[in-house]
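> Generate coordinates for the sequence data below:
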Amino acid sequence: MKIQTTLFGELVLLDQCTLVGSSESLGFQTYVNSSHNGTEKRKALRETASQVLNIDYVVARQAVAQNFNVLWGGLRKLWAIPVDVEWQRIGGVDGDFIECTTSIYDFRNDSLALLKHKDGLAVVEIKEVLAHGLKLYEPITLQNFTICPLRVGFILGDVSAPINAVYGQPS
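Next up, the predicted model:
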């Protein structure tokens, strides 16, 4: 599913639930792209570690074709990927502040969050992470939903999508 955001422009949203075998790794990448005489020095270009998510999920038979088209159509585009292990339930919100736990969840300033409610999904843009909640760029009104952080990234390399007659398992 494609979404439009003010912060990041057009993104492809991964809206399927990930499997238990998915993994996350953090690291400071200091790649040297070309070496001429071996005297090049590696220099950290980031203040924070980069996050790499390896995601597996299952798609039911009726959604295999649509999922295949989304994967390959968005292969070189930016993706919005939910951090599925960090869902929390929220009673309701009416305005530009979502009261929630932020101390143990990885919400970030100028980032995104995914809201899952009875009518579907919504993406909100987080202006600031405060001690007891999230300050949003735009006000929303919603009752009884769950929220998790979204990470914006790209597909590193290629995708794998084995398919059989019943389901597909992209990764």
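> how many neighbours does residue 74 have?
Using other CB atoms under 10 Å, residue 74 has 20 neighbouring residues. All C-beta spots, glycine's among them, are computed from the backbone N, C-alpha and C.
> Residue 13 too?
Using other CB under 10 Å: residue 13 sits among 20 other residues.
> how about it, what does it touch?
By CB atoms under 8 Å, 6 or more residues apart in numbering, the contact set of residue 13 is 1, 2, 3, 79, 80, 114, 121, 123, 150.
> let's see 7 Å
Each residue near residue 13 by CB atoms under 7 Å, 6 or more residues apart in numbering is listed here: 1, 3, 80, 123.
> Residue 123 too?
For residue 123, the contacting residues are 3, 5, 13, 80, 112, 114, 150, by CB under 7 Å, 6+ apart.
> Tell me the one of those residues nearest residue 106?
When those are ranked by distance to residue 106 (CB to CB), residue 150 comes first, at 10.5 Å.
> For that closest one, which non-adjacent residue is spatially closest?
Nearest residue to residue 150 in three dimensions, chain neighbours excluded: residue 112, at 3.9 Å (CB to CB, 6 or more residues apart in numbering).
> Then the one you found would be within a strand, right?
Yes - assigned with DSSP: H, G, I helix; E, B strand; the rest coil, residue 112 falls within a strand.
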